[in-house]
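1. structure for this input, please:
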Amino acid sequence: MKVDSILLFETAQADSLYPFSIMHSAWEIRVGALRIFEKVKKDFPDSNLIFNGREKHLKSFLARFDHDSQEMKRDNILILHSAILPESFFFENLTTAYDKFVSETGVEKSVVFHVNQVPVAAFVPECERINPDEKDKDLFPKFLSDFAGGLTPLEVPEPKVINYLWEVFDLIESGINNDFKYFTNQQDFDLLKKEAVHLVNPDNIKIGKDAKIAPGVVLDASEGKIIIGDNVSIMANTVICGPCFIGDNSLVKISAKIYGKTSIGECCKVGGEVENSVIHAYSNKQHDGFLGHSYLGEWVNIGADTNTSDLKNTYSNIKVHLRDYDIDTHRMFLGFLCGDHTKTAINTSLTTGTVAGICGIIVADGFLPDSIPSFAWRGTKGCTKYKLEKAIDVAQIVMDRRNKHLLSEEIDLMTFEYNRFDFKKH
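-> Coordinates of the predicted model:
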């Protein structure tokens, strides 16, 4: 199966990835070392990626990331739901199934890939694309819903699917294992050992170029792989347990404790205690305090001694509030789900399963409510709405310090969120 183009698309359920979905497209979810679209690009380096999703989010994504042409061409195209974790073996299964079909039938034609009779992907060969049109970006995803019955079904093994943010926590390990092959070790391990860096199971460790690992650091890959990016600085007496990823240009502070199944994006500053969590690019948790089973968006700042509860005293399932509905996660462990540009004050205590939107200032002298709206200036004595103009100004100040700029497309998303939310309910 030769793939020239790949169409990654969102469904109407993209907002179930709230609060990350406020500012981001579904294919930006980080699972392991890479985001979903980055994984696809790694597996198909010569293929053109085409995206179809919510209009404002798509414009923001294309403005923030450099991609090939989004023009539809007459070529072989793979249509893929962005909620599917695109691990290499999944693509190998698709290729094996299609090549077997062509070998047995002697023809190349459009097919839909099924898992337990449920469509998950489709392939349309060049020979069946007569007059490619921009409308195909909307038409092709319907192959997996309205038109799947008209295509030849090919059964493939079950892929991993991400419907809600908390499902990522179970997939970080397999994501890091899949991504490990894309990284090359750039460090002399013998030299690191002489400099009092302790490496456990070094075959499962890769460290990028110009990374600085201080004396007393322990990299324990006995239970999972560890990937450390380029220009990362890890300060003295830090312990990092695999599986774990630390992105390029990030800083890990003195005596940090980073437990397994944790993924930290680019240009982050992290300290204290972190377990089974995702911290997206340009977010900071510099100081002491516990962050567990949590998912942080970009440009989040966690104040000193902020602590998350990720387990109820009753050991019962955790229910969360996603924008306008409640849902049982069927999970015993869940901490903090946080949207972009939200900040917590010092000594903030976050209750189990707290969900916060974007551009919030979270201040409290006790446990906060477990549902915090976007643009909330929130304390235990009430909630004030943050002015949109001020929130945008602060976001720009924060980004300027990292030589980044708030794009007009991002401001459009912030404004849309500000206007759509009925703050009076909170």
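2. give me the pLDDT value at residue 158.
-> pLDDT, residue 158: 79.
3. what distance do you get for it to residue 120?
-> Separation of residue 158 from residue 120 (Cβ to Cβ, to the nearest Å) stands at 9 Å. C-betas here are computed from N, CA, C, even on glycine.
4. those two - which one has more neighbours?
-> Between residue 158 and residue 120, counted using other Cβ atoms under 10 Å, residue 120 has the larger neighbour count: 22 against 11.
5. three-state assignment of the more buried one?
-> Recorded secondary structure, residue 120: strand (DSSP: H, G, I helix; E, B strand; the rest coil).
6. isn't there a strand covering residue 69?
-> No. Checked against three-state DSSP, residue 69 lies outside a strand; its state is coil.
7. which ones are touching it?
-> residue 48 (Cβ atoms under 8 Å, 6 or more residues apart in numbering).
8. likewise for residue 316?
-> Counting by Cβ under 8 Å, 6+ apart, residue 316 has contacts residue 332.
9. what score does it have for pLDDT?
-> For residue 316, the predicted pLDDT is 94.
10. and it, backbone torsions?
-> Main-chain torsions, residue 316, degrees, to the nearest 10: phi -90, psi 170.
11. any idea how far residue 274 is from the residue nearest to residue 70 when sequence neighbours are not counted?
-> Excluding its sequence neighbours, the residue lying closest to residue 70 (Cβ to Cβ, 6 or more residues apart in numbering) is residue 50, at 5.6 Å. Distance of residue 50 to residue 274, given as Cβ to Cβ: 35 Å.
12. more neighbours, the two?
-> Neighbour comparison, residue 50 and residue 274: the larger count goes to residue 274, with 26 against 22 (by other Cβ under 10 Å).
13. and that one, how far is that from residue 410?
-> Distance, residue 274 to residue 410, using Cβ to Cβ: 27 Å.
14. domain parsing for the protein?
-> Here the domain parsing of the chain from automatic domain parsing is 5-163, 184-425.
15. list the contacts for the closest residue to residue 330 other than its chain neighbours?
-> Spatial nearest neighbour of residue 330, chain neighbours left out: residue 317 (5.5 Å); criterion: Cβ to Cβ, 6+ apart. Listed by Cβ under 8 Å, 6+ apart, the contact set of residue 317 reads 328-332.
16. so where's the longest helix in the chain?
-> Longest helix in the chain, counting residues (DSSP state H): helix 88-105.
17. and it, which residues are buried?
-> For helix 88-105, burial by neighbour count (16 or more other Cβ atoms under 10 Å) applies to 90-91, 93-95, 97-98, 101.
18. now stretch 302-318
-> Those would be 302-312, 318, for stretch 302-318 by 16+ other Cβ under 10 Å.
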